[in-house]
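Engineer: I need the structure of the sequence given here:
(2 chains)
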Amino acid sequence: RKEVEQDPGPFNVPEGATVAFNCTYSNSASQSFFWYRQDCRKEPKLLMSVYSSGNEDGRFTAQLNRASQYISLLIRDSKLSDSATYLCVVNWDGSSNTGKLIFGQGTTLQVKP
Amino acid sequence: EAQVTQNPRYLITVTGKKLTVTCSQNMNHEYMSWYRQDPGLGLRQIYYSMNVEVTDKGDVPEGYKVSRKEKRNFPLILESPSPNQTSLYFCASSPRRGFTDTQYFGPGTRLTVL
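Structural biologist: Down below sits the predicted model:
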């Protein structure tokens, strides 16, 4: 099993659609979770951190399910500008003394007019 | 402007010719890291550094070296590059160690080893 696994897609959706991505992780000790956005082989940029209670930022909602070891990202009212690759990122062992991060391979979203 | 810079941005070299990719950040961040990105494999961590003179291996450290003599710089060294090191490389920095929050990535270095 991969350490962090995502469905690579692509997800092709019309503007205005709601789309959800899931990401599973294998290490139950992981403590920190993030979603990054990457445009066309440019540098990744933080979209949002994922907290146990779930968190929302405008049209974006992130959720964490520790029991099932997955995190999700929901995008409502998709815009053309949301087209990108979304990377799931997990801090590997949960220790505050290591900096090892594991990235999923990314899920590609294409929003069509 | 707060940023992470990498040089060179593009490099084509030949097998065995030592090279260094520089990385510099002007945000006084403690944590820095190197990644490589390959199609179908995503971003994989090569090395990271929690602070000056403190470095540790990531997932794919073989064939690479790093150093952290100053807080702002974290060069990636390929002593004897091979074609399987052809990849897109990103440097990143973060203000916090351990539970790294926002990582700021450099623009990337596209390396081709012939």
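Engineer: drop to CA atoms for contacts and neighbour counts, all remaining ones
Structural biologist: Will do.
Engineer: does B:Arg110 touch B:Leu11 like I think?
Structural biologist: Yes: look at B:Arg110 against B:Leu11 with Cα atoms under 8 Å: they come within range, at 6.3 Å.
Engineer: these two: who's more crowded?
Structural biologist: Using other Cα atoms under 10 Å in any protein chain shown as the criterion, B:Arg110 and B:Leu11 rank with B:Arg110 on top: 18 against 14.
Engineer: what's the helix or strand for the more buried one?
Structural biologist: strand B:109-113 (DSSP states H and E).
Engineer: other SSEs contacting that strand?
Structural biologist: Helices and strands touching strand B:109-113, by 3 or more Cα pairs under 8 Å, 6 or more residues apart in numbering or on different chains; DSSP states H and E, are strand B:10-13, strand B:87-94.
Engineer: Provide the strand pairings for the last one, with the direction of each partner.
Structural biologist: The pairing partners recorded for strand B:87-94 under DSSP bridges are strand B:31-38 (antiparallel), strand B:104-105 (antiparallel), strand B:109-113 (antiparallel).
Engineer: distance from the chain centre to that strand, please.
Structural biologist: Offset of strand B:87-94 from its chain centre (Cα atoms, centre = their mean, to the nearest Å): 5 Å.
Engineer: contacts for it, please.
Structural biologist: Under the criterion Cα atoms under 8 Å, 6 or more residues apart in numbering or on different chains, residues A:43, B:4, B:6, B:23, B:25, B:29-38, B:100-112 lie in contact with strand B:87-94.
Engineer: return the members of those residues classed as buried.
Structural biologist: With neighbours counted using 16 or more other Cα atoms under 10 Å in any protein chain shown, the contacts of strand B:87-94 contain these buried positions: A:43, B:4, B:6, B:23, B:25, B:29-37, B:100-112.
Engineer: show me which strand runs longest in chain B.
Structural biologist: Secondary structure of chain B read by DSSP state E shows that its longest strand is strand B:42-51.
Engineer: quick one, what contacts whichever residue of chain B sits closest to chain A?
Structural biologist: The shortest separation between chain B and chain A is 3.8 Å, found at B:Gly42 (distances taken as Cα to the nearest Cα). Residues near B:Gly42 by Cα under 8 Å, 6+ apart: A:Phe103, A:Gly104, A:Gln105, A:Gly106.
Engineer: thank you kindly, that will do.
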